[in-house]
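Enquirer: Predicted model and sequence follow; I will ask about them next.
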Amino acid sequence: MAVLIVSGTGTEIGKTVVTAAVAAVALARGRTVAVLKPAQTGVAPGESGDVDEVIRLAGGVTTVELARFPEPLAPATAAARAGAPPVRPEEIAETAAKLATEHDLVLVEGAGGLLVRFDHEGGTLADAARLLDAPVLVVAPAGLGTLNATALTAEALRTRGLAALGVVIGSWPAVPDLAARCNLADLPDVAGAPLLGAVPEGAGALAPARFRAGAGDWLGPALGGGWDAARFAAGTARPAASPDMSAGPSAER
C-alpha cells in the first residue's frame, strides 16, 4: 500500500487527526511518509492548514498542498470564487504517484466527503483514487447518523470499483452514548469493511509526544497499530438498564 486515500463521510469529523495518527504510526515503524492535501479551503495565506497540523502532531513527514482557497467552501466553488484554477483529479493522482516513488507511504487527505467536487467538470477524490488504484480509508463520526453517511460512502466506492480499506472513528467520545456503542458493531456491516480504529475525542489537542505515543493504540494492525475492535467494543459495553420495579406492578404498564 504505497498510496492511501483518507476520506470522510462529511466535514469536521477528524480526518486530519486520523491522517496524523496513521502517519505517526508509520514513522514509528521506520517508514517514510508524505501527506498530500489537494485543496485547503477556509484558510488564508500564511495561516496554518491541515498539513501543518499533521506535521505538528506526527513529526517528520513530507507535506504538499496543491492549492489554497480562503473561503470555507467545497474546493470547486472556493476556487471559482477566488478566481483561481481548480485542482483536478489528474493533478492529484500525478502528484501522489510521484510522491510514492520517493516515500514508503503517501496519505492523500480529501476535503469533506468522497464526492465533494474539486472542479466544475465534477472531478472528485473518488476519481483520483480510481486513477491511482488506491484504497480508501473512511473516517466517520461515532454517533447517531453515521450509519447512513457511511453506507452512502461505501455505496459510492462500490459503484466506482474502489476498495474501502476500512473505517476509523474520527472522534470517540469519553462517555459514549448508546448509539455510539451500538455503531461499533453496525459500522463494519454498513461499510462492508472492517473497523480499523477509534481516535479519542480531543486527541488533536494532545502534546505531540503524547499523540505519537498513543497513536498505535488507536489504530488497528492494518494501519500499523495494536487496536483491536472486539476488545474495544467489549470494553465500552454496558449492561442494559433494568426496569424500575420500585413502584410495584404499575411500573410495567
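Expert: Good, I have the coordinates.

Enquirer: Can I get stretch 61-75 as PDB, trimmed to CA atoms?
Expert: The C-alpha trace of stretch 61-75 is given here as PDB (Å, rounded to 0.1, in the frame of the first residue of the first chain):
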ATOM      1  CA  VAL A  61       6.500  13.900   7.200                       C
ATOM      2  CA  THR A  62       6.800  15.500   3.700                       C
ATOM      3  CA  THR A  63       3.800  17.600   3.000                       C
ATOM      4  CA  VAL A  64       2.400  19.000  -0.200                       C
ATOM      5  CA  GLU A  65      -0.600  21.400  -0.600                       C
ATOM      6  CA  LEU A  66      -1.600  21.800  -4.200                       C
ATOM      7  CA  ALA A  67      -4.000  24.800  -3.700                       C
ATOM      8  CA  ARG A  68      -5.300  27.000  -1.000                       C
ATOM      9  CA  PHE A  69      -8.600  29.000  -1.200                       C
ATOM     10  CA  PRO A  70      -9.600  31.500   1.500                       C
ATOM     11  CA  GLU A  71     -13.400  30.700   1.800                       C
ATOM     12  CA  PRO A  72     -14.600  27.600   3.700                       C
ATOM     13  CA  LEU A  73     -16.400  26.000   0.700                       C
ATOM     14  CA  ALA A  74     -16.200  23.000  -1.500                       C
ATOM     15  CA  PRO A  75     -13.000  23.200  -3.500                       C
END
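
Enquirer: Pull out the buried residues from that stretch.
Expert: By neighbour count on 16 or more other C-beta atoms under 10 Å, the buried set for stretch 61-75 is 61, 63-70, 73-75. Yep, even glycine has a C-beta here, placed from its N, CA and C like the rest.

Enquirer: all strands in the stretch 101-250 of the chain, in order from the N-terminus.
Expert: 105-113, 136-140, 164-172, 195-200 (DSSP state E, counting those that start in this stretch).

Enquirer: and the last one, average pLDDT?
Expert: Confidence over strand 195-200, taken as the mean pLDDT, stands at 97.

Enquirer: packing partners for it?
Expert: The helices and strands touching strand 195-200, judged by 3 or more C-beta pairs under 8 Å, 6 or more residues apart in numbering; DSSP states H and E, are helix 15-28, strand 164-172, helix 178-191, helix 208-218, helix 229-236.
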